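K.L.:
Using only what follows, build the 3D model:
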Amino acid sequence: MSRIGRKPIAVPDGVDVKIDGGLVTVKGPKGTLSGEIKPEITVRIEGTELLVERSGDDKVSRSLHGLSRTLVSNMVEGVTKGFTKELEISGVGYRCAKQGNELNLTVGYSHPTIVKDTEDIKIEAPSPNKIVISGIDKQKVGQFAAEVRKIRPVEPYKGKGIKYAGEHVVRKEGKAGKGKK
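P.N.:
This is a model prediction of the structure:
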């Protein structure tokens, strides 16, 4: 039995949850999120908690049980607290600057790279080498952060590029570090 799927989801005050067949809509102070739930899974409200249950014990239902519970839980957390991803820029001359709704990245190319905000995602640049991406949808925040990181991924020799905050980059020795035979 799924341990994660059995855990109830606490619904805080100010959050409104509507279940219409397979569509779960969560409305909170930061916005509204909705998600489709597979027919093998049912979501029901019991007091101030949401319970996610599966129809049977077959492999598909078991595999969707914990996933569906986590997706609904992320919707509830997103409309109350929101999600953020932090990126760090390292390298000589590498920097970022926020100009209106655009993020201007200078990361070693012949021209600056410009990344625009979307209606769901908010970008901040608190310092020239730090980017904070925030929003209410965890999947969209993570995808957007991955796309920004992809502009200049960290290279293993000097460690220059864009990386997640706290990410460990395995450094390599250059060809001068190779032993002679």
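K.L.:
just for this protein, where's the confidence low?
P.N.:
Applying pLDDT under 70 to the chain flags residues 1-2, 177-181.
K.L.:
quick one, longest helix in it?
P.N.:
Longest helix in the chain, counting residues (DSSP state H): helix 59-80.
K.L.:
The spatially most central residue of the chain: what secondary structure?
P.N.:
By C-alpha atoms, centre = their mean, the chain has its centre lying nearest to residue 142, at 2.8 Å. Secondary structure, DSSP: H, G, I helix; E, B strand; the rest coil: residue 142 is helix.
K.L.:
quick one: residue 43 and residue 25 touch, right?
P.N.:
No. Counting by C-beta atoms under 8 Å, residue 43 sits too far from residue 25 to count as a contact (11.0 Å). The way it works is simple: take the backbone N, C-alpha and C, and place the C-beta from them, glycine included.
K.L.:
which residues are common contacts for those two?
P.N.:
Taking C-beta atoms under 8 Å, 6 or more residues apart in numbering as the contact rule, residue 43 and residue 25 both touch residue 19.
K.L.:
and residue 129, what is it in contact with?
P.N.:
88-90, 94-96.
K.L.:
Could you list which of those residues belong to strands?
P.N.:
88-90, 95-96 (DSSP state E).
K.L.:
mind giving me CSV with those residues and columns for distance to residue 7?
P.N.:
Shown next, in CSV, are the ones in strands among the contacts of residue 129 (distance: C-beta to C-beta, whole Å):
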residue, distance to residue 7
88, 34
89, 38
90, 39
95, 43
96, 39
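K.L.:
now residue 141: how far from residue 29?
P.N.:
Per C-beta to C-beta, to the nearest Å, residue 141 is found 17 Å from residue 29.
K.L.:
Between these two, which is the more surrounded one?
P.N.:
Neighbour tally, residue 141 and residue 29, criterion other C-beta atoms under 10 Å: the higher count belongs to residue 141, 21 against 12.
K.L.:
Isn't that one up against residue 121?
P.N.:
Yes. Counting by C-beta under 8 Å, residue 121 is a contact partner of residue 141 at 6.5 Å.
K.L.:
list residues touching both of those two?
P.N.:
133-135.
K.L.:
Filter these down to the buried ones.
P.N.:
Buried residues within the shared contacts of residue 141 and residue 121, counting neighbours by 16 or more other C-beta atoms under 10 Å: 133-135.
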